[in-house]
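[1] I would like the atomic coordinates for the input below:
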Amino acid sequence: MLTNHTKKEIEKRVNQGPKKKILPSSGLTQNARKPHNSLYIKEDVKKEYIEKASTFGASPPSIFIGQRGYPQINAGPLLLPERRGRTVASYDSSTHWLEKSIQEIIEMRSSLIHSKITINAKRPMGNKLIEKTQEIALSSDPVEIEVLFEKPPTLKLQFDDILTPLGPSGKIKRLNITENPIVPRKVDAVISDTDMPATEAINELYRAKISEDHITRLLSTGLLGRRRRLVPTRWSITATDDTIARELIKEIQDYQEVTEIEVYSGELLANHFEIILLPKPYAFELVEIWISESIWNQYKKKKSEDHNIKEDSPKSEKPWIGSDREDHRNRKKYSPLGGGYYAARLPVLEHLQAKQRRATAIAIREVRPDYWAPLGVWVVREAARNALKNPPKTFETLTQALRHIHTKIITPHREWQPQLHLLKEENQRRITDYTEIGSPFIGKC
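    Residues are numbered from 1 along each chain as shown. Take a look at the predicted model:
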């Protein structure tokens, strides 16, 4: 959820785009006297498509399963009106957005129409519209569909910390698939095995190089596991990240530790990452810093220990800083940092698995003012991957590594460094060890 104040700020910023008009039907731009904004895009959508009783187009493929009112939820495919071909895939693929601006991503997402029905997530089987939605979810490529709405879709642009922005939505009266979905053999085999647990299915698909977006679609539409229930999209995103990560944690336990202290730096869409790898047994910690000037400052978001949002609070005068951590044992509780914790952890584990090493990893994420609208948890995942793709800096001591990071993080280190709890625990352990063996250096610590 977002505060009312933040929603107003985001809408104001969205309205301050370049003076061009986006044509969802063609993807082209043309000069326009009106300032471009998402509301204006949606007015174009309304005029060209929404007032029509029937809309033809393609799904990227993309499915959205809501969570409000669970188990009675809204579910259905997203449609790009009057478009077809492989380029439609870019409207719901994070790998296509790495070179895009926030404004451009919002423009793309606001062009998609969410066609939906209301259904009980625990008893979806037998519903013809859900079966067609599942067919779309199976496909690896865009699927041409035709949708008849009960009434014109609602013009609304929704933002969320985990989900990508959602545009107009409308109730489905009829849904037709006008071409055969392209289903990878591995996907077909896994979804056909109704005795395979969902966790095993996710990991088998991941090992077969099926994309995370595709796995999430299959999980959310009730095509994986034994119970075959619909899973809200925001839950399935985090469940996929967590399930894959747990398997990777098991794999890296047998690897040798990294041989030196490594620091990786990088960012995406004003989400800056510093990632430290220490030659120690596996552990992971994420420190999040939301700079005070950011209109989506998490300081406003924390009302109490249940992490509800503080309504209508003004901009914070200081950054919000939080952290969470784990060791090799499986987590028992959901992270207070939300889906971003799991999204940041997965790239680190993928990196360690690829180089066949284990390490204590500390990820520092600084969210800067230019990240003016939430685009979804994929930004965290891809920003961390960006950092880990860059050549690392190596250091002989942790002190040297931290001094280097001080020059990369805008927020003064005195504000965020106390949140590095894994370092505190490591220092305490060393002091205890020295005391037990009577180290001659203990008096100098």
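
[2] which residue sits closest to residue 348, ignoring its sequence neighbours?
    The spatially closest residue to residue 348, leaving aside those adjacent along the chain, is residue 361, at 4.7 Å (Cβ to Cβ, 6 or more residues apart in numbering). Just so you know, the C-beta spots here come from the backbone N, C-alpha and C atoms, and that holds for glycine as well.

[3] beta partners of that neighbour?
    On DSSP bridges, the residues paired with residue 361 through beta bridges are residue 277, residue 284.

[4] From residue 404, how far out is it?
    Distance from residue 361 to residue 404, counting by Cβ to Cβ, to the nearest Å: 16 Å.

[5] out of those two, which sits in the more crowded spot?
    With other Cβ atoms under 10 Å as the criterion, residue 361 and residue 404 differ in neighbour count, and residue 361 comes out ahead with 27 against 15.

[6] is it true that the more buried one touches residue 281?
    No - under the criterion of Cβ atoms under 8 Å, residue 361 is not in contact with residue 281, lying 11.1 Å apart.

[7] my guess is residue 138 contacts residue 222, does it?
    No - contact status for residue 138 versus residue 222: not in contact, 11.9 Å apart, counting by Cβ under 8 Å.

[8] so where do the strands sit in the stretch 251-400 of the chain?
    Residue ranges of the strands in the stretch 251-400 of the chain, as given by DSSP state E, counting those that start in this stretch, are 256-257, 261-268, 271-278, 283-290, 320-327, 357-358, 360-367, 393-395.

[9] Any idea which residue is closest to the centre of this protein?
    Centroid-nearest residue in the chain, with Cα atoms, centre = their mean: residue 377, separated by 2.1 Å.

[10] Enumerate every residue touching that one.
    With Cβ atoms under 8 Å, 6 or more residues apart in numbering as the criterion, the residues that contact residue 377 are 161-163, 237-238, 338-340, 343.

[11] what do you get for residue 220?
    Contact analysis of residue 220 by Cβ under 8 Å, 6+ apart lists 63, 65, 137, 230-233, 235-236.

[12] what's the helix or strand for the spatially closest residue to residue 330 that is not a sequence neighbour?
    The shortest distance from residue 330 to any residue that is not its chain neighbour, by Cβ to Cβ, 6+ apart, is 6.3 Å, and that residue is residue 246. Secondary structure here is read from DSSP states H and E; on that basis residue 246 sits in helix 233-252.

[13] And that helix, what does it pack against?
    strand 63-65, helix 198-207, helix 212-220, helix 339-355 (3 or more Cβ pairs under 8 Å, 6 or more residues apart in numbering; DSSP states H and E).

[14] circling back: mind checking the backbone torsions on the residue nearest to the centre of the chain?
    phi -70, psi -10 (degrees, to the nearest 10).

[15] State the distance from it to residue 234.
    In this structure, residue 377 and residue 234 are 8 Å apart, going by Cβ to Cβ.

[16] and if you look at residue 218?
    Residue 218 sits 16 Å away from residue 234, going by Cβ to Cβ.

[17] quick one: average confidence on stretch 62-79?
    For stretch 62-79, the mean pLDDT works out to 94.

[18] And stretch 88-104, by the same measure?
    Model confidence over stretch 88-104 averages 92 on the pLDDT scale.

[19] Also stretch 286-300?
    Per-residue confidence for stretch 286-300 averages out to 73 on the pLDDT scale.

[20] same question, stretch 235-242
    Taken as a whole, stretch 235-242 carries a mean pLDDT of 97.

[21] which residues touch the strand or helix carrying residue 189?
    Counting by DSSP H and E, the element that carries residue 189 is helix 185-192. Under the criterion Cβ under 8 Å, 6+ apart, residues 138, 140, 196, 201, 204-205, 208, 210, 214, 218, 223-224 lie in contact with helix 185-192.

[22] Now do that helix against helix 198-207, angle only.
    180 degrees (axes from the mean of the first three to the mean of the last three Cα atoms, to 10 degrees).

[23] Next, the buried residues of helix 185-192.
    Of the residues in helix 185-192, those buried under the neighbour-count criterion (16 or more other Cβ atoms under 10 Å) are 187, 190-191.

[24] Just the CA trace of it, in PDB.
    Output in PDB follows, covering the C-alpha atoms of helix 185-192 (Å, rounded to 0.1, in the frame of the first residue of the first chain):
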ATOM      1  CA  ARG A 185       8.100 -29.100 -23.200                       C
ATOM      2  CA  LYS A 186       9.400 -28.900 -19.600                       C
ATOM      3  CA  VAL A 187       6.500 -26.700 -18.600                       C
ATOM      4  CA  ASP A 188       4.000 -29.200 -20.100                       C
ATOM      5  CA  ALA A 189       5.700 -32.100 -18.300                       C
ATOM      6  CA  VAL A 190       5.800 -30.300 -14.900                       C
ATOM      7  CA  ILE A 191       2.200 -29.000 -14.900                       C
ATOM      8  CA  SER A 192       1.000 -32.500 -15.900                       C
END
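
[25] what's the angle between that helix and helix 212-220?
    Relative orientation of helix 185-192 and helix 212-220, computed by the same axes, to 10 degrees: 20 degrees.

[26] what's the average pLDDT for helix 185-192?
    Across helix 185-192, pLDDT averages out at 98.

[27] chain center to that helix: distance?
    From the chain centre to the centre of helix 185-192 is a distance of 25 Å (Cα atoms, centre = their mean, to the nearest Å).

[28] so what sits against both of residue 377 and residue 234?
    162-163, 339.

[29] Mind checking which of those are buried?
    Among these, those classed as buried by neighbour count (16+ other Cβ under 10 Å) are 162-163, 339.

[30] between the residues you listed, which is nearest residue 104?
    Nearest to residue 104 among these: residue 163, at 17.9 Å, using Cβ to Cβ.

[31] and the closest one, what helix or strand is that in?
    When secondary structure is defined using DSSP H and E, no element contains residue 163, which sits outside every helix and strand.

[32] from here on, count from 56
    With the count now opening at 56, the last piece we talked about shows up as residue 218.

[33] these two touch, right, it and residue 288?
    Yes - counting by Cβ under 8 Å, residue 218 touches residue 288, with 6.3 Å between them.
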